[in-house]
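Colleague: okay, predicted coordinates and the sequence, questions at the end:
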Amino acid sequence: MTRFNAFSLIKNTLSGHKNWPEQWPESQPKSEYDVIIIGAGGHGLGAAYYLAKEHGITNIAVIDKGWLGGGNTGRNTTIIRSNYLYDESARIYDHALDLWEGLSQDLNYNVMYSNRGVLMLAHTVHDVQSFKRHIHANRLNGVDNQWLTPEEAKEFCPPLSISPNARYPVMGAALQKRAGTARHDAVAWGYARAAAARGVEIIENCAVNAIRRNPDGSVAGVDTSKGFIKAKKIAVSAAGNSSVVMDTAHVRMPLESYPLQALISEPVKPIFPCVVMSNAVHAYISQSDKGELVIGSGTDQYTSYSQRGGLPLIEHTVAAITEIFPIFNRMRMLRKWGGTVDVTPDRSAILGKTPVKGLYVNCGWGTGGFKATPGAAHTLAWTVAKDEPHPINAPFNLERFRSGRLIDEAAAAAVAH
Ligand code: PYC
């Protein structure tokens, strides 16, 4: 019997409604699974789906302390791109992009993937040189990326101001045409439905208190708010909380957690055709299919698990956006929120085995988590099923922080992370 049903989606969407029943039957876990995945976001649900679909493992529970897709999956700004500098990153993000392209068909659920293009603005000579370096590196890796003059950038994105009098004049832009956006909650729901259809159980409101280990050191199961659940293998995919969860298994992770904020405007008619990012002004923007401008900010300057952020950063972000898009000067902002991103010392993810037998981890995506979703999920499933790294996730091991083989993507995002 599958424990995920449409009611849980509806319940969580409408839980504030006054006519909604106070109590809804909660999914209860079985006493034992082959695989427990901690975290019912896009990565965890996706891993469950690929474990079932490609590796024939279906005795799986995906457990979450909240509701599915309620963490970073539902809090990000939906950017999808693969124009990262290093070979390892280009490979994993481009693997994700390949999967994004066919995801709606694969899941039979419209994730609203839209390859509208991501434009990265260069405002300084340093930006120009750095983006051109990215373009060359990307092309060598088979990743599309091209250089546009300011005029070409404006033609691609008409609201862009290329006035030479701007505080940060646009000196050109790097364009990845295959990049774009998708609808974040649909990604969680699509994976959840497709995984559940293959027998995966999704247990919401089930907080993990500790990962328990056997006397030989291997994983035994998880202590949860719904009792102890035995498992042969455990994968931690709990963005923003990974180090806390891993700590309960006595594995210290090289991670810090920061709030990352975003906001949306009132909805307007379609005006903004692509995604625009600017490292120099520290902001990025796109328009959702509902019409809101979706604006992303940098991480807060202090660590926190708060899932919301402070006002000054948002003011800085809005000032930055209106500087490159004066046309949006009089837009009203509707809502702001925060996610909590795990950040590693080299700003690249950790995806693979851990020193504990049967324990796997997928974390540290920083600002890259949403775009990586299908690629991370797909390779995590491989690693859990075979107890070995997939060639694409092999470099993203935990061991690199001992060996020094880092993947330094500190300059990868359009915002501080
Ligand atoms: O694609 O660089 C990015 C990004 C930053 C924040 C979210 N996505």
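Modeller: The structure has been received and is ready for your questions.
Colleague: single out the residue in the stretch 101-250 of the chain that lies closest to the ligand.
Modeller: Proximity to the ligand, evaluated over the stretch 101-250 of the chain using CB to the nearest ligand atom, is greatest for V118 at 7.5 Å. All C-beta spots, glycine's among them, are computed from the backbone N, C-alpha and C.
Colleague: just the pLDDT for the nearest residue to that residue once chain neighbours are set aside.
Modeller: Beyond its immediate neighbours in the sequence, the residue positioned closest to V118 (CB to CB, 6 or more residues apart in numbering) is A179, lying 3.8 Å away. Taken from the predicted model, the pLDDT recorded for A179 is 98.
Colleague: burial measure for A179, as a count.
Modeller: 28 (other CB atoms under 10 Å).
Colleague: give the contact list for it.
Modeller: The contact partners of A179, by CB atoms under 8 Å, 6 or more residues apart in numbering, come to I79, I80, R81, S82, N83, L97, N115, G117, V118, V275.
Colleague: adding pLDDT and secondary structure, write these out as CSV.
Modeller: Conversion of those to CSV gives the following (pLDDT from 0 to 100; DSSP: H, G, I helix; E, B strand; the rest coil):
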residue, pLDDT, secondary structure
I79, 96, strand
I80, 98, strand
R81, 98, coil
S82, 98, coil
N83, 96, coil
L97, 98, helix
N115, 97, coil
G117, 98, coil
V118, 98, strand
V275, 98, strand
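Colleague: turn these into JSON lines, including neighbour count and distance to R308.
Modeller: As requested, these are arranged in JSON lines below (neighbours: other CB atoms under 10 Å; distance: CB to CB, whole Å):
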{"residue": "I79", "neighbour count": "22", "distance to R308": "20"}
{"residue": "I80", "neighbour count": "26", "distance to R308": "25"}
{"residue": "R81", "neighbour count": "25", "distance to R308": "26"}
{"residue": "S82", "neighbour count": "29", "distance to R308": "30"}
{"residue": "N83", "neighbour count": "26", "distance to R308": "30"}
{"residue": "L97", "neighbour count": "26", "distance to R308": "30"}
{"residue": "N115", "neighbour count": "17", "distance to R308": "31"}
{"residue": "G117", "neighbour count": "19", "distance to R308": "31"}
{"residue": "V118", "neighbour count": "28", "distance to R308": "26"}
{"residue": "V275", "neighbour count": "28", "distance to R308": "24"}
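Colleague: closest to the ligand out of those residues?
Modeller: Minimum distance to the ligand across those is 4.1 Å, recorded for I79 (CB to the nearest ligand atom).
Colleague: which stretches in this protein count as helices?
Modeller: Remark: helices assigned in the chain by DSSP state H are 6-14, 42-55, 87-107, 125-140, 150-156, 184-197, 242-247, 311-324, 369-386, 400-403.
Colleague: just confirm yes or no for the third one near the ligand.
Modeller: If I follow you right, that is helix 87-107. No: Helix 87-107 does not reach the ligand (CB under 6 Å from any ligand atom); its nearest approach is 9.5 Å.
Colleague: low-scoring stretches of the stretch 301-417 of the chain, by residue?
Modeller: Confidence mapping of the stretch 301-417 of the chain against pLDDT under 70 gives the ranges 414-417.
Colleague: surely the residue of the stretch 101-250 of the chain closest to the ligand and C157 touch.
Modeller: No: using CB atoms under 8 Å, V118 makes no contact with C157, being 10.5 Å away.
Colleague: which residues do those two both contact?
Modeller: Common neighbours of V118 and C157, counting by CB under 8 Å, 6+ apart, are C274, V276.
Colleague: now, of the helices of the chain, which is deepest in the fold?
Modeller: helix 42-55 (a mean of 27; mean count of other CB atoms under 10 Å).
Colleague: what's the average pLDDT for that helix?
Modeller: Averaging pLDDT along helix 42-55 yields 98.
Colleague: figure out how far it is from the centre of its chain.
Modeller: On the basis of CA atoms, centre = their mean, to the nearest Å, the separation between the geometric centre of helix 42-55 and that of its chain is 16 Å.
Colleague: mind checking how far I80 is from R252?
Modeller: Spatial separation of I80 from R252 under the definition CB to CB, to the nearest Å is 32 Å.
Colleague: ok, now which ones touch the residue of the stretch 101-250 of the chain closest to the ligand?
Modeller: When the contact criterion is CB under 8 Å, 6+ apart, the partners of V118 are I79, I80, R81, N83, L175, Q176, A179, G180, C274, V275, V276, M277.
Colleague: please list which of those also come close to the ligand.
Modeller: I79, R81.
Colleague: out of the contacts of V118, the closest to V219 would be?
Modeller: For these, the minimum distance to V219 (CB to CB) is 32.9 Å, reached by I80.
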